[in-house]
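> here is the input, now give the coordinates:
(one chain, ligands or ions: 2)
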Amino acid sequence: MKIQRLREFWIWFKTLAVKKTTTERFIKRFAKIYTPVVVALAVMLAIIPPLLGLGEWLTWINRALVFLVISCPCALVISVPLSFFGGISAASRNGILVKGSNFLEVLNQVSVVAFDKTGTLTKGQFEVNQVLPAGGVSETKLTGYAAAAEQQSTHPIAQSIIRAFPIAQTDYHVTRTAETAGHGIEAVINGVTVVAGNEKALLANKIKLPQLTTSDTVVYVALDGEYAGAITVADCPKADARQAVAALNKHGSIETWMLTGDSEPVAKAIGAEIGIDNVAGGLMPEQKVAIVDRLTAEAHNKAGKVAFVGDGINDTPVLARADVGIAMGGLGSDAAIEAADVVIMDDQPSKITTAIAIAKHTKQIVWENIIFALTIKGIFLIAGALGVAGMWEAVFADVGVTLIAILNAMRLQRSASRKRH
Ligand code: ADP
Ligand code: MG
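Ligands and ions are numbered 1, 2, ... in the order given. This next block holds a predicted model:
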């Protein structure tokens, strides 16, 4: 466990070092041009006026040195990455792990947030509602085989069935299992081929099944190629899911989507409960990728970005492709956490609004620092060249401005502790 945490920290640290924001890169490039230019100007200031007989050599050399001290770009070069770092640490105090300052910049531009359903917007803790045996199969036979097959799966639906129907392991001899993401599980138990999953899972095995009208998630079960009944399970939205979606819609008028592998009726019912704009159900993992790709292309046309929020192994391709992938750190699978750019440690969807707010605040502070430093330096550079500002003023324009910019960046910490409650 500890080693795992250390590894996560190391990955985070490495990405932090590599993934620089465009603002940081801009400041670096800016410093590369700015520094030789001001040095050349200082040399000219020391030589040209005395050569033209405009005063003593010593006066102009002194002014050139003052000019050089003022022009030091420390305030910019230090305060910009420091502000982003402040933003990252503010986020982590709120239980949000941001794996690089560039993602804070992306969060600023997010115009679409697409959510996975199970485990992301809902608790991922299914409860069994109904057992519907069919074709003369007894209820115990149906639930027994279903539970034995689901023993092989880690899906939240599987866990609920295992919990609801405890079985004696020794009665069920499992010889072969195969799980298909977005479908369900297949297993050979006591020589019987068991398929447990959604409509698609059974249709893929050419098994005829009845249409059940329910807003529950249905696990259809087939034994040796014959439909044997269904178990319905239901999950409820997380406490803050509705509020999280409302905040996104209202707050920067962000469009919200719910993409799920669960059936269309369940998707619609949960979508209505949570108040989400757009719902797409019955999706395979690659269809989720296709929808997010389409949303991304549309958003990029309008200078926006797409965030995808998910928790499962089946969400990893989308998490990796979205402009910013957000994973649930508690419920989420290791693969999802690794593929994501931002991890919400306590699984609360409302933390997305917090992350966006921190990203906006960070950007504001970065620009305050850039404008403040450039203005003060501009004024003092002219004053220095004209001989109005001496060495003391120069020191203020350099160290003083740097310190003020750092203090400004530290305000992000305070905003973090305020938002924690
Ligand atoms: P989501 O996109 O909501 O996270 P998944 O892609 O994990 O959902 O699963 C999609 C659907 O596939 C589930 O709603 C369920 O119907 C079916 N399914 C997946 N795994 C299993 C399983 N082990 N047992 C039964 N059904 C499953
Ligand atoms: Mg999920």
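
> quick check: the residue of the stretch 1-150 of the chain nearest ligand 1.
Nearest to ligand 1, among the residues of the stretch 1-150 of the chain, is T118, at 3.5 Å (Cβ to the nearest ligand atom). In short, each C-beta sits where N, CA and C put it, glycine included.

> and the closest residue to that residue other than its chain neighbours, how far is that from E264?
With Cβ to Cβ, 6 or more residues apart in numbering as the criterion, T118 has its nearest non-adjacent residue at 5.4 Å, and that residue is G124. When distances are taken as Cβ to Cβ, to the nearest Å, G124 and E264 turn out to be 20 Å apart.

> more neighbours, the two?
Neighbours were counted for G124 and for E264 using other Cβ atoms under 10 Å; G124 has more, 22 against 13.

> hang on, the more buried one in a helix?
No. Counting by DSSP: H, G, I helix; E, B strand; the rest coil, G124 is not part of a helix but coil.

> verify the contact between it and K117 for me.
No. The pair G124 / K117 is not scored as a contact, 9.2 Å apart, by Cβ atoms under 8 Å.

> which of the helices or strands spans the spatially most central residue of the chain?
Nearest to the mean C-alpha position of the chain, by Cα atoms, centre = their mean, lies I326 at 2.4 Å. Element membership for I326, per DSSP states H and E: strand 324-328.

> for the helix or strand just after that strand, packing partners?
On the C-terminal side of strand 324-328, the closest following helix or strand by DSSP H and E is helix 334-339. For helix 334-339, the helices and strands in contact under the criterion 3 or more Cβ pairs under 8 Å, 6 or more residues apart in numbering; DSSP states H and E are helix 316-321, strand 324-328.

> which of these is buried the deepest?
Of the helices and strands packed on helix 334-339, the one with the most neighbours on average (mean count of other Cβ atoms under 10 Å) is strand 324-328, at a mean of 29.

> which residues of the stretch 201-350 of the chain fall in helices?
Secondary structure of the stretch 201-350 of the chain (DSSP state H, counting those that start in this stretch): helices located at 241-250, 264-274, 285-301, 316-321, 334-339.

> domain boundaries for the chain, per the record?
Recorded structural domains for the chain (assignment: automatic domain parsing) are 2-87+356-420, 88-123+237-355, 127-234.

> for the ones you listed, give me JSON lines that also has mean pLDDT.
What follows is these, written out as JSON lines (pLDDT from 0 to 100):
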{"stretch": "domain 2-87+356-420", "mean pLDDT": "84"}
{"stretch": "domain 88-123+237-355", "mean pLDDT": "92"}
{"stretch": "domain 127-234", "mean pLDDT": "92"}
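
> and those, which is most packed in?
Among the domains of the chain, domain 88-123+237-355 has the highest mean neighbour count (mean count of other Cβ under 10 Å), at a mean of 21.

> now do the same end-to-end measure for that one.
9 Å (Cα to Cα, to the nearest Å).

> so does that domain get close to ligand 2?
Yes. Part of domain 88-123+237-355 sits near ligand 2 under the criterion Cβ under 5 Å from the ion, namely 116, 118-119, 311-312.

> which one of the residues you listed is nearest C72?
Using Cβ to Cβ, D311 is the member of the residues of domain 88-123+237-355 next to ligand 2 that sits closest to C72, with 47.8 Å.

> quick one: stretch 160-171 to chain centroid distance?
36 Å (Cα atoms, centre = their mean, to the nearest Å).
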